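Engineer: 3D, please:
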Amino acid sequence: MDLLGAQSFPGDIIPEIHFYSEYLPKADELGFTRQQRYLHFLWDILDRLPIAVVVDFSFLFRRMIAERLFKRCGKNFLADEGVRFNFGQNVEVADDVFMNRHVFLDSRGGIAIGDAVGTGENADIFTHVHSESELKDGAFQKTTRTAKDGRVETDRMLQQGG
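Structural biologist: Next up, the predicted model:
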């Protein structure tokens, strides 16, 4: 934490922290290993620290985390600030992928992003659908995939079967 400029953060509480995704359906099935918990925490906290504005650092730091946390992380992956996901171990990113600001990956059912895919700002990729009255009974697709050279445009949502 010192390296990131967060000297005052008590690192010993990280094992006790619960992520939002741990309160969602399927959380018990997926869970986090100790390493995944620390890596996910580092990803989430980075954007809240002053060092995040140094894009030469933050792009590389996010890629370093993704290489260890994601199911697959291809070469030249870039993730801008505010990219969030609930289960990194279910995210596959191919080569030359760029995720713009504030992208959300609902990765409970698995997401596979093809080569040279770009996302616009505020894009969302979901792996399930459900009615508002049946939140716990969502239908999960095995994996939501994007095509090679695809785009998920700004303020758009890609859903199961989309």
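Engineer: from here on, just use CA atoms for contacts and neighbour counts.
Structural biologist: OK.
Engineer: ranges for the strands of this structure?
Structural biologist: 72-73, 78-79, 84-85, 91-93, 98-99, 104-105, 111-113, 118-119, 124-125, 128-129, 139-140, 144-145, 151-152, 157-158 (DSSP state E).
Engineer: now render these as TSV, adding mean neighbour count.
Structural biologist: Below are the strands of the chain laid out as TSV (neighbours: other C-alpha atoms under 10 Å):
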stretch	mean neighbour count
strand 72-73	20
strand 78-79	22
strand 84-85	20
strand 91-93	23
strand 98-99	20
strand 104-105	20
strand 111-113	22
strand 118-119	22
strand 124-125	23
strand 128-129	18
strand 139-140	16
strand 144-145	21
strand 151-152	18
strand 157-158	16
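Engineer: mean pLDDT for those strands: which is lowest?
Structural biologist: Mean pLDDT across these is lowest at strand 139-140; the value there is a mean of 63.
Engineer: which intervals of this protein have sub-threshold pLDDT?
Structural biologist: Scanning the chain for pLDDT under 70 picks out 1-9, 11, 130-142, 161-162.
Engineer: find the centremost residue of it, please.
Structural biologist: Using C-alpha atoms, centre = their mean, the residue of the chain that lies closest to the mean C-alpha position is Phe85, 2.9 Å off.
Engineer: return the alpha-carbon coordinates of the longest helix along the chain using CSV.
Structural biologist: In the chain, taking DSSP state H as the definition, the longest helix is helix 55-69. Output in CSV follows, covering the C-alpha atoms of helix 55-69 (Å, rounded to 0.1, in the frame of the first residue of the first chain):
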residue,chain,number,x,y,z
VAL,A,55,-1.7,6.8,-16.8
ASP,A,56,1.7,5.4,-17.6
PHE,A,57,1.6,3.8,-14.1
SER,A,58,-2.2,3.0,-13.8
PHE,A,59,-2.5,1.3,-17.2
LEU,A,60,0.4,-1.0,-16.5
PHE,A,61,-0.6,-1.6,-12.9
ARG,A,62,-4.1,-2.7,-14.0
ARG,A,63,-2.6,-5.0,-16.6
MET,A,64,-0.3,-6.5,-14.1
ILE,A,65,-3.3,-7.2,-11.8
ALA,A,66,-5.3,-8.6,-14.7
GLU,A,67,-2.5,-11.0,-15.7
ARG,A,68,-2.7,-12.5,-12.2
LEU,A,69,-6.5,-12.2,-11.5
